[in-house]
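# Could you look at this predicted model? Sequence included:
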Amino acid sequence: MAKTARAAAVHLLNEVLGEGALLGQVDAPLAALSPADRARAQRLAALVLRHVEQADRVLKPFLRKTPPLLVVNVLRLAVVELVQGEAAHGVVNEAVTLVRNDRHAGAFSGLVNAVLRKVAALEAPFAKLPPQRLPYWLRKPLVDAWGREAVTAMEAVQAQVPPVDLSVKPGWQGDLAGEPLPTGSLRLASAGQLSALPGYAEGAWWVQDAAAALAVPLLAPQPGEAVVDLCAAPGGKTLQLAAAGAEVTALDISEARLGRLRENLARTGLSAQVVVADALTWQPERQFDAILLDAPCSATGTIRRHPDLPFIKDGSELAELVPLQAALLDRALGWLKPGGRLVYCTCSLLPDEGEAQLAAALARHPGLRVEPAAVPGMDPAWLTEAGALRLRPDYWAGRGGMDGFFMVRLAR
């Protein structure tokens with residue numbers, strides 16, 4: 001069991017880069033740590049995942065052969081910490097100790113010491129290196145869609161530690177320092193412990209990326225309207241709908257993921273009917289004034305917050321996701337009241353899960369139309385020719401960017 005934050009960070013890296021595990025699902029090395037060290041371990045692992053390519057380029061001249069993965073990850077962590085300005089003595093000593101204490105890697109402790117002392121003598125080793133590139137399976141379609149310059153700008157944003165965005169309940173007058181964004185979210189450059197911030201205990205706000213928070217204003221729920229939030233977990237959009245006064249049904253196939261939604265409903269004092277069901281087989285007892293479908297997708301728009309994704313995905317899931325998205329959209333359209341509206345969205349940068357889905361839906365459903373997007377603070381540059389919103393990480397780059405999303409409002 002890992003006894004230090006650095007040891008736990010290396011274990012996390014081994015699981016992600018060696019076993020293809022999601023960073024947020026690796027709990028074992030964190031169990032024995034204090035909350036502060038647990039958070040530090042996760043932060044260090046995520047930081048390394050944003051800079052694996054640069055770290056490897058710095059290390060390459062000093063390695064004749066590639067050592068075992070644990071040793072490589074210890075070296076990567078140390079390089080990134082040195083670049084971040086951590087004291088070389090402590091970084092090098094603990095890296096050597098981590099390797100020496102491993103019965104399979106102990107023989108490499110001398111190599112680690114020698115290599116890191118050379119790296120520590122370098123001046124700004126990342127300064128002239130480009131940001132870490134997206135994997136080819138993802139980069140190529142994005143370059144085809146948005147151009148090389150835009151994709152390079154996305155990669156630069158994804159290399160940064162993202163700020164924390166909050167959605168605040170209407171009418172809350174508390175004092176929470178942050179940057180009010182044009183679209184209504186509140187952005188915190190450094191949040192620290194969220195539960196210690198003003199307004200947390202009374203449920204005045206919840207964490208939600210500013211891009212994700214635009215789907216509900218696009219739907220424009222009205223007080224008393226019957227609204228269903230499909231694929232609702234973890235629940236940020238459900239909370240927005242409930243805060244707007246809608247009568248909300250929150251549906252998701254995962255009981256475990258809905259647990260977090262229930263916790264946030266309880267903390268914020270908001271209400272929704274929570275349903276555990278598969279939207280492809282669930283049959284509602286009534287039709288709805290409005291429907292929000294945040295469809296399962298590749299999550300390629302969230303890489304700035306989840307830097308492990310490029311290392312554990314290969315694009316193969318698209319073969320199942322694209323038809324699933326279409327099936328969910330077709331089924332949801334049948335639940336709309338006459339004159340009702342539906343917002344379809346995905347946290348994906350891939351046109352196959354956004355623009356192409358819209359074109360195919362309009363072809364399948366005569367009479368279906370796009371209602372031009374209009375949300376507070378919207379930049380006209382975000383609008384597609386079809387009237388949908390295309391959000392990208394490089395938008396608001398100077399403010400820390402935003403998650404990548406496609407969203408469109410549809411009506412019959």
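Perfect, I can see it now.
# Next, L241: phi, psi?
Phi and psi for L241, reported as degrees, to the nearest 10, are phi -60, psi -40.
# so who does it touch?
By CB atoms under 8 Å, 6 or more residues apart in numbering, the contact list for L241 reads 216, 219, 221, 227, 229, 248, 272, 292. From N, CA and C alone the C-beta is placed, and that goes for glycine too.
# Now, the residues you listed that are in strands?
Among the contacts of L241, the residues falling in strands (DSSP state E) are 227, 229, 248, 292.
# what's near enough to touch the third one?
Pointing back at V248 there. Neighbours of V248 in contact, by CB under 8 Å, 6+ apart: 227-229, 238, 241-242, 271-273.
# what about stretch 200-216, average pLDDT?
On average, the pLDDT along stretch 200-216 is 96.
# for it, which positions count as buried?
200, 203-206, 208-216 (16 or more other CB atoms under 10 Å).
# Tell me where the longest strand sits in this structure.
Criterion DSSP E: the longest strand present in the chain is strand 336-346.
# Run the angle between that one and strand 226-230 for me.
Orientation check (axes from the mean of the first three to the mean of the last three CA atoms, to 10 degrees): strand 336-346 against strand 226-230 gives 30 degrees.
# tell me the angle of the helix or strand just after strand 336-346 relative to strand 336-346?
Downstream of strand 336-346, the next assigned helix or strand under DSSP states H and E is helix 355-364. Going by the same axes, to 10 degrees, helix 355-364 is angled at 160 degrees with respect to strand 336-346.
# Which other helices and strands does helix 355-364 contact?
helix 318-333, strand 336-346, strand 369-370, strand 405-411 (3 or more CB pairs under 8 Å, 6 or more residues apart in numbering; DSSP states H and E).
# ranking those by burial, who's on top?
Mean neighbour count, computed with mean count of other CB atoms under 10 Å, is highest for strand 405-411 among these, reaching a mean of 24.
# Show me what that one pairs with in its sheet, parallel or antiparallel.
In the sheet, strand 405-411 lines up against strand 336-346 (antiparallel), strand 369-370 (antiparallel), strand 389-391 (antiparallel) (DSSP bridges).
# Can I get the longest strand of the chain in PDB, CA atoms only?
Only the C-alpha atoms of strand 336-346 are listed here, as PDB (Å, rounded to 0.1, in the frame of the first residue of the first chain):
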ATOM      1  CA  LEU A 336     -42.700  15.200 -26.600                       C
ATOM      2  CA  LYS A 337     -46.000  17.000 -26.200                       C
ATOM      3  CA  PRO A 338     -47.200  18.900 -29.300                       C
ATOM      4  CA  GLY A 339     -45.100  22.000 -29.500                       C
ATOM      5  CA  GLY A 340     -42.500  20.600 -27.100                       C
ATOM      6  CA  ARG A 341     -38.800  20.900 -27.500                       C
ATOM      7  CA  LEU A 342     -35.700  18.700 -27.000                       C
ATOM      8  CA  VAL A 343     -32.100  19.500 -26.500                       C
ATOM      9  CA  TYR A 344     -29.700  16.900 -27.700                       C
ATOM     10  CA  CYS A 345     -26.100  17.200 -26.500                       C
ATOM     11  CA  THR A 346     -22.900  15.300 -26.200                       C
END
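# What lies in contact with that strand?
Here strand 336-346 has contacts from 215, 218-220, 287-295, 297, 301, 325, 329, 332-333, 353-354, 357-358, 361, 371, 405-412, using CB under 8 Å, 6+ apart.
# if you average pLDDT over it, what comes out?
Per-residue pLDDT values over strand 336-346 give a mean of 97.
# so how far is it off the chain centroid?
25 Å (CA atoms, centre = their mean, to the nearest Å).
# any idea of the angle it forms with helix 318-333?
Strand 336-346 runs at 160 degrees relative to helix 318-333, counting by the same axes, to 10 degrees.
# so where do the strands sit in the protein?
Going by DSSP E, the chain shows strands at 164-168, 179-180, 186-188, 205-207, 226-230, 247-252, 273-276, 288-294, 336-346, 369-370, 389-391, 405-411.
# that older thread, determine which two of the contacts of V248 are furthest apart.
Spatially, the most separated pair among those is V228 and S271, at 14.6 Å (CB to CB).
# Between those two, which has more neighbouring residues?
Using other CB atoms under 10 Å as the criterion, V228 and S271 rank with V228 on top: 31 against 12.
# Okay, and the beta partners of the more buried one?
T249, I291.
# show me the contacts for it.
248-251, 284, 288, 291-292, 332, 335.
# Only the buried subset of these, as a ChimeraX command please.
Entered in ChimeraX, the line below selects the buried ones among these, by 16+ other CB under 10 Å:
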select :248,249,250,251,284,288,291,292,332,335
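# with the contacts of V228 in mind, which one is nearest to A5?
A250 (36.1 Å).
# Closest to P162 out of the contacts of V248?
Closest to P162 out of these is T238 (22.5 Å), distances taken as CB to CB.
# Need the per-residue pLDDT for that closest one.
Confidence score, pLDDT, at T238: 98.
# now P35
Reading off the model, P35 has pLDDT 86.
# Look at it and say how many residues are nearby.
Using other CB under 10 Å, P35 is surrounded by 9 other residues.
# any idea how far it is from Q42?
Here P35 is placed at a distance of 11 Å from Q42 (CB to CB, to the nearest Å).
# Export the contacts of L241 as a markdown table, with columns for distance to P130.
Putting the contacts of L241 into a markdown table (distance: CB to CB, whole Å) gives the following:
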| residue | distance to P130 |
| --- | --- |
| V216 | 37 |
| L219 | 39 |
| P221 | 43 |
| V227 | 44 |
| D229 | 40 |
| V248 | 45 |
| A272 | 45 |
| L292 | 38 |
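# which one of those residues is nearest G20?
Using CB to CB, the contacts of L241 come closest to G20 at D229, 30.6 Å.
# Would you check how far apart the closest one and F405 are?
From D229 across to F405, the span is 16 Å (CB to CB).
# Equivalent analysis for P125, please.
Going from P125 to F405 by CB to CB gives 35 Å.
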